[in-house]
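J.: everything below, folded, please.
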Amino acid sequence: MLRDKRIYVVEDQPDLRTLLASVLTEYGYQVTGYATGREALAAIASAPPDLCLVDLGLPDMDGMAVIRRLHDDRPFGLIILTGRGGVSDRVLGLELGADDYIVKPFEPRELVARVSSVLRRTEQLAALSALSVTQAQDAELAPTARFADWCYDSGSLTLIRGDGAQERLSRAEADMLATFLRSPKRVLSREQLQGDCPDSDDIAFDRAIDVRVSRLRKKLGDDPRSPRLIKTVYGAGYLFASDIAWSGRRS
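T.: The predicted structure follows:
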């Protein structure tokens, strides 16, 4: 169940940290609070949570610095807490790999909805990887998605080109690629690409989706001026134009 998940709250204001913990605990989550970025990073290194809420205004280091440290190989959800009104901070956090953000002050129900949404998406991606591992064990094969000149290993979040070159994807990039691979040659809206998070028409999310598409194109060697794989359908979204062959390779 989602509600037995472990959540770290990184917030320097004691009253707000207590409120966040109280709301989430009421819904069955196991919550631990940290007042500084360094405390949180040490705890995450020792025992990663299922989700981490990070305030941008920490006393010892900027919250963006924490997010940058967590960008690679992060197996858990990440939500930004911010009192900053500008869209640019939210977009930057999302571009760095955060899954969502919450603007202070917030409604408790919005907090719980966003936390639940990110946990669902994180669990779905983990399930996809676990399914790949199970299939590999059953067939003594490591399954891959093959398209164009690429193979995608969903277990390691790695793209492998025909000449052997490799590109490692961030969790957010892998989540987006998995969505494309599940629905090739279909137009997907930004809302479909960003999942089931609330306020899907928010400009910050629209811009973050465009940036992630741009990063995927770059890693796939897809010319943004004339893309072969991820095509822009103006006014509608994006389309993954290649056939997909799910198969296996010997480990």
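J.: now do residue 242 against residue 147, distance only.
T.: The gap separating residue 242 from residue 147 is 4 Å, by Cβ to Cβ, to the nearest Å. Yep, even glycine has a C-beta here, placed from its N, CA and C like the rest.
J.: with residue 59 instead?
T.: 47 Å.
J.: mind listing the shared neighbours of residue 242 and residue 147?
T.: 184, 229 (Cβ atoms under 8 Å, 6 or more residues apart in numbering).
J.: number of residues surrounding residue 82?
T.: Counted by other Cβ atoms under 10 Å, the residues lying close to residue 82 total 19.
J.: residues in contact with it?
T.: 55-57, 63, 89-90, 93, 101-104.
J.: mind putting those in a markdown table, pLDDT and secondary structure included?
T.: A markdown table is the format used below for these (pLDDT from 0 to 100; DSSP: H, G, I helix; E, B strand; the rest coil):
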| residue | pLDDT | secondary structure |
| --- | --- | --- |
| 55 | 93 | strand |
| 56 | 89 | coil |
| 57 | 88 | coil |
| 63 | 88 | helix |
| 89 | 74 | helix |
| 90 | 76 | helix |
| 93 | 80 | helix |
| 101 | 86 | strand |
| 102 | 88 | strand |
| 103 | 86 | strand |
| 104 | 86 | coil |
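J.: now these as JSON lines including distance to residue 169 and neighbour count?
T.: JSON lines is the format used below for those (distance: Cβ to Cβ, whole Å; neighbours: other Cβ atoms under 10 Å):
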{"residue": "55", "distance to residue 169": "27", "neighbour count": "26"}
{"residue": "56", "distance to residue 169": "25", "neighbour count": "22"}
{"residue": "57", "distance to residue 169": "30", "neighbour count": "14"}
{"residue": "63", "distance to residue 169": "24", "neighbour count": "24"}
{"residue": "89", "distance to residue 169": "24", "neighbour count": "19"}
{"residue": "90", "distance to residue 169": "22", "neighbour count": "25"}
{"residue": "93", "distance to residue 169": "19", "neighbour count": "27"}
{"residue": "101", "distance to residue 169": "21", "neighbour count": "25"}
{"residue": "102", "distance to residue 169": "25", "neighbour count": "19"}
{"residue": "103", "distance to residue 169": "28", "neighbour count": "15"}
{"residue": "104", "distance to residue 169": "31", "neighbour count": "14"}
